[in-house]
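S.K.: Here's a sequence, model it:
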Amino acid sequence: MIEKVNPKHPDKIADRVAGAIVDLAYKKMSNPLVAVEVLLGHGNIHIIIETNVKYTKKEINEIVKRIVGVVKVDLVIVKQDIYLSNNQKDKMRCGDNGIFKGVPLSKEEKKLSRIAHDIYKEYPYDGKYVLDGDRLIICQSNADSKELQKKYKKAFINPLGDWIGGIDVDSGATNRKLGSDMGRSITGGGLHGKDLSKADVSVNIYAFQKAQKTKKEVNLSCAIGDDCIDGLAYEEIVKIAKKYIDDIGGFEKFAEWGLY
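M.R.: Residues are numbered from 1 along each chain as shown. Next up is the predicted model:
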């Protein structure tokens, strides 16, 4: 049983805004320290940024306007905690405590991901999809349910009828759709709105990729300040995660669909 949401779901819009803010941090600095939380909906967006990067309100407003549209922006920017900053002073170290799990993708997860991507290509609007065994549930806004039914004949489509969706219907928050982003690899740490020193990003990506390669479940843990995980220097874990992020086009692109 698995769920996917598309990049226009309100929670994913929040993730994308956070990702774009992290992308901007990496344009300004090679190893920025940044953590972003976003809550949006009903004409408002609230953004908290903890960072050592110098952002301007204009830069953040431009990101919001591009991704969300015209909404009222409540922005708080504060300095990164001094202890967290000092943790990265002389070398790259694990930036958080946590447990991390990577699980090989199942046929069900791969199937639903293909379905979600295919529907989104035709209907690039708010949508959510669930696959439970042979039962496929499709909730796709701004779509003709009858047309979708022709393609997905056995699916349960738009149970409340055709709908509009978006942030005027529902609110969105960062890292609220980790099941959609990580499948059975989900753990406590959120993927989005953080720089690569944060283990929630780098170690989750590393564990997920290792699981796909080895076809075995991967379980890891780390403490803040660790400089070695799974027999690798933390700097190497970060390099692996950075390559993954760069290959898919950045943190905002990463936020669209998560790890698969």
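
S.K.: And for residue 38, nearest residue in space, chain neighbours not counted?
M.R.: Leaving aside its chain neighbours, residue 38 sits nearest to residue 14 (4.1 Å; criterion: Cβ to Cβ, 6 or more residues apart in numbering). For glycine as for every other residue, the C-beta is placed from the backbone atoms N, C-alpha and C.

S.K.: My error: substitute residue 116 in the last question.
M.R.: With Cβ to Cβ, 6+ apart, the residue lying closest to residue 116 is residue 4, at 4.1 Å.

S.K.: on contacts alone, who are the packing partners of whichever strand or helix holds the one you found?
M.R.: Using DSSP states H and E, residue 4 falls within strand 2-5. Helices and strands touching strand 2-5, by 3 or more Cβ pairs under 8 Å, 6 or more residues apart in numbering; DSSP states H and E, are helix 107-122, strand 127-132, helix 178-182.

S.K.: Is it possible to get a markdown table of these that adds distance to residue 240 and mean pLDDT?
M.R.: Shown next, in a markdown table, are the helices and strands packed on strand 2-5 (distance: least, Cβ to Cβ, whole Å; pLDDT from 0 to 100):
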| stretch | distance to residue 240 | mean pLDDT |
| --- | --- | --- |
| helix 107-122 | 22 | 97 |
| strand 127-132 | 30 | 98 |
| helix 178-182 | 17 | 97 |
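
S.K.: Now render the ones you listed as CSV, adding mean neighbour count and distance to residue 205.
M.R.: CSV is the format used below for the helices and strands packed on strand 2-5 (neighbours: other Cβ atoms under 10 Å; distance: least, Cβ to Cβ, whole Å):
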stretch, mean neighbour count, distance to residue 205
helix 107-122, 16, 17
strand 127-132, 19, 23
helix 178-182, 23, 10
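
S.K.: Compare the ones you listed and report which one is nearest to residue 150.
M.R.: When these are compared for distance to residue 150 using Cβ to Cβ, the nearest one is helix 107-122, at 12.3 Å.

S.K.: Determine how far the closest one lies from the middle of the whole chain.
M.R.: 17 Å (Cα atoms, centre = their mean, to the nearest Å).

S.K.: ok, residues contacting that helix?
M.R.: 1-8, 127, 129-131, 133, 136, 138, 140, 143, 148, 152, 183-184, 257, 260 (Cβ atoms under 8 Å, 6 or more residues apart in numbering).
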